[in-house]
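Participant: Return atomic coordinates for the entry below.
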Amino acid sequence: MLWLDQAEAVFKRMPDAVPQSVLDKITGTYVTAIGIKAAVRLNRRQKLTLRFANGPVEVLVPFKDLQFRSYLSPKTTFEFVMDGDRVKALRHWNAIAEFVLTRSEDGDTIDTMEEYEPADD
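Facilitator: You can find the predicted model right below:
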């Protein structure tokens, strides 16, 4: 039982930490239906990041299970879709659109060198 005698309280759900074994599985290159590539990597602080070719690096914040939110745009959701023990796709949606990126298995990657570390705190 919890008593909050005339006090305001804010409750914030804290997602479970994503196990390293899962992070290792979901990192890789993903491709849109029209061939645009995106890289999912771990940054130096072991935070999951997403970068489309020639775009900025976005930190993905754990939300629920394999769902993540963009640090820069919290209403944007990313969900990794599993097929058994393999990641097969990355779903991306916001209030306007939804699309799916397929996991690239051919080893073809985009340049993922980060020129800066994006703010994530």
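Participant: So for stretch 60-71, what gets flagged as buried?
Facilitator: Of the residues in stretch 60-71, those with enough neighbours to count as buried (16 or more other Cβ atoms under 10 Å) are Leu60, Val61, Pro62, Leu66, Phe68, Arg69, Ser70, Tyr71. Every C-beta, even on glycine, is put in place using the N, C-alpha and C of the backbone.
Participant: Please tell me how far the most centrally placed residue in the chain sits from His92.
Facilitator: Centroid check for the chain by Cα atoms, centre = their mean gives Leu60 as the closest residue, at 3.8 Å. In this structure, Leu60 and His92 are separated by 11 Å, where distance is defined by Cβ to Cβ, to the nearest Å.
Participant: helix or strand for Val16, which one?
Facilitator: Val isn't right for residue 16; it's Asp. No secondary structure element spans Asp16, as it lies outside all helices and strands (assigned by DSSP states H and E).
Participant: Now do the shared contacts for Leu60 and His92.
Facilitator: Residues touching both Leu60 and His92 by Cβ atoms under 8 Å, 6 or more residues apart in numbering: Phe78.
Participant: Just give me the neighbour total for Ala9.
Facilitator: Other residues near Ala9 number 6, with proximity taken as other Cβ atoms under 10 Å.
Participant: Perfect, that will be all.
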